[in-house]
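[1] No letters, just coordinates:
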């Protein structure tokens, strides 16, 4: 069982609100990722981190921001939520080596009304 | 750039039928190959992996062989169960794309009793 946790699991929020999706892992992994998953199931990488104080934008442009102040914690923030942000957000982590597997959290399903 | 192509779904099978989900990849270097599974309402979890050519990954009755000559990593299971209904993702890591894991678009499997 993977030791990576996301909260909340489900969130319904009004337009214009600021939200933070939490992601924590207890495996000591250097690399962490945020994916957005559309209804067609495809995964889109929106942010990643090599380690503390390292963050990069992914392949899909996103209005969200991330921070990596501690190894175990990789929160994602939306300053002003919009209905177009409605989606499933998946957090993942992996060891520093290139060929290793990724461990995923259970996801946060965000609905902006 | 690196990419993963897997067969489109949904795939609908009766219980005890044989399953094949095709996956081909394009990569520079020598990536590791993975199959992940996503059950309804959950994050992804690793199903099996192979790290070099001719390796066979296996788990829970599923198998896939790393075929460098055909750049393929097809997923097979001899007898599916209703509980295998899920979305399956083929992925690669550790190639020219650097540390990032490249995912296929996912294939949804429905198994009928």
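    Sure, I can see it. Quick caveat, the model's predicted, so the values are computed rather than measured. Numbering: from 1, shown residues only, chains lettered A, B, ... in the order given.
[2] How about the residues of chain B by chain A?
    Along chain B, the residues adjacent to chain A under the rule Cβ under 8 Å from any Cβ of the partner chain are B:31-32, B:34, B:36, B:38, B:41-46, B:49, B:51, B:87, B:89, B:93-94, B:98-101, B:103, B:105-106, B:108. Bear in mind the C-beta positions are built from the backbone N, C-alpha and C, glycine included.
[3] what pairs with the worst-scoring helix or strand of chain B on mean pLDDT, and is each one parallel or antiparallel?
    None of the helices or strands of chain B scores lower by mean pLDDT, DSSP states H and E than strand B:101-103, at a mean of 89. The pairing partners recorded for strand B:101-103 under DSSP bridges are strand B:86-93 (antiparallel).
[4] Residue 79 - nearest residue in space that isn't next to it in sequence?
    You didn't pick a chain, so chain A it is. By the measure of Cβ to Cβ, 6 or more residues apart in numbering or on different chains, the closest residue to residue A:79 outside its immediate chain neighbours is residue A:18, 5.5 Å from it.
[5] I was thinking of chain B, sorry if that wasn't clear
    When the adjacent residues along the chain are set aside, residue B:79 lies closest to residue B:16, with 4.7 Å between them (Cβ to Cβ, 6+ apart).
[6] before we move on, what about residue A:6?
    Spatial nearest neighbour of residue A:6, excluding adjacent residues (Cβ to Cβ, 6+ apart): residue A:105 at 3.7 Å.
[7] ok now do the one you found, which residues does it touch?
    Listed by Cβ atoms under 8 Å, 6 or more residues apart in numbering or on different chains, the contact partners of residue A:105 are A:2, A:4, A:5, A:6, A:23, A:90, A:91, A:92, B:43.
[8] And the spatially most central residue of chain A, how far from residue B:89?
    The centre of chain A sits closest to residue A:34, judged by Cα atoms, centre = their mean, with a distance of 3.2 Å. Computed as Cβ to Cβ, to the nearest Å, the residue A:34 to residue B:89 distance reads 17 Å.
[9] Equivalent analysis for residue B:4, please.
    Per Cβ to Cβ, residue B:4 is found 8 Å from residue B:89.
[10] Can you name the residues bridging to residue B:102?
    Going by DSSP bridges, residue B:102 forms beta bridges with residue B:92.
[11] What parts of chain A come near chain B?
    Contacts of chain A with chain B, taken as Cβ under 8 Å from any Cβ, map to A:2, A:6, A:31, A:33, A:40-43, A:45, A:48, A:50, A:90, A:92, A:94, A:97-107.
[12] hmm, try it at 6 Å
    Chain A has residues A:41, A:42, A:43, A:90, A:98, A:99, A:101, A:102, A:104, A:105, A:106, A:107 near chain B, with proximity defined as Cβ under 6 Å from any Cβ of the partner chain.
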